[in-house]
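Colleague: please work out how this folds:
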Amino acid sequence: MKDFGLFAERDIPRAERIMHEMERYADRRERFLNAIDLDELDRAAAFAILRDDDDLAETLAFGHLYLAHLYNLEAQRADIAANLAMAA
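Modeller: Below you'll find the model as predicted:
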């Protein structure tokens with residue numbers, strides 16, 4: 001499974017770019033897998049494909065949650081900065 005490094009840094013533009021790349025990769029992968037006959041593959045190869053699909057789906061799902069988390073952190077930072085300015 002490709003390591004996308006999505007959770008390596010708390011950088012919103014970077015995470016958005018990686019999520020876009022992952023979604024594009026997932027679409028291309030799905031089209032490719034729909035074009036081949038999985039029944040013709042040996043059991044180990046089919047298992048590896050299904051395992052990688054599960055890993056990719058999980059990373060995409062958590063990626064959306066991670067982006068929401070980063071957006072919330074940024075909003076909280078802005079609120080704190082505004083409140084500190086008012087308190088000063």
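
Colleague: going forward, measure contacts between C-alpha atoms and count neighbours the same way
Modeller: Will do.

Colleague: now for the top helix by length along the chain, which elements pack on it?
Modeller: Ranked by residue count under DSSP state H, the longest helix found in the chain is helix 43-87. Packed against helix 43-87 by the contact rule (3 or more Cα pairs under 8 Å, 6 or more residues apart in numbering; DSSP states H and E) you find helix 12-35.

Colleague: which parts of the helix it packs on are buried?
Modeller: 12, 15, 18-19, 22, 26 (16 or more other Cα atoms under 10 Å).

Colleague: ok, now stretch 57-65?
Modeller: 59-60, 63.

Colleague: identify, from the residues you listed, the entry nearest to residue 49.
Modeller: residue 59 (15.3 Å; Cα to Cα).

Colleague: any idea how far the closest one lies from residue 33?
Modeller: The gap separating residue 59 from residue 33 is 19 Å, by Cα to Cα, to the nearest Å.

Colleague: quick one: pLDDT of residue 3?
Modeller: For residue 3, the model assigns a pLDDT of 63.

Colleague: picking that back up, so how far is the longest helix of the chain from its chain's centroid?
Modeller: 7 Å (Cα atoms, centre = their mean, to the nearest Å).

Colleague: now it against helix 12-35, angle please.
Modeller: 160 degrees (axes from the mean of the first three to the mean of the last three Cα atoms, to 10 degrees).

Colleague: what mean pLDDT does helix 43-87 have?
Modeller: 91.

Colleague: residue 15 touches residue 67, doesn't it?
Modeller: Yes. Using Cα atoms under 8 Å, residue 15 makes contact with residue 67 at a distance of 6.9 Å.

Colleague: nearest to residue 81 among the buried residues of helix 12-35?
Modeller: residue 12 (18.5 Å).

Colleague: shouldn't that closest one be in contact with residue 70?
Modeller: Yes. Residue 12 lies in contact with residue 70 (Cα under 8 Å); the separation is 6.4 Å.

Colleague: quick one, phi/psi of residue 9?
Modeller: Per-residue torsions, residue 9: phi -140, psi 160 (degrees, to the nearest 10).

Colleague: ok, it to residue 15 distance?
Modeller: For residue 9, the distance to residue 15 - Cα to Cα - is 8 Å.
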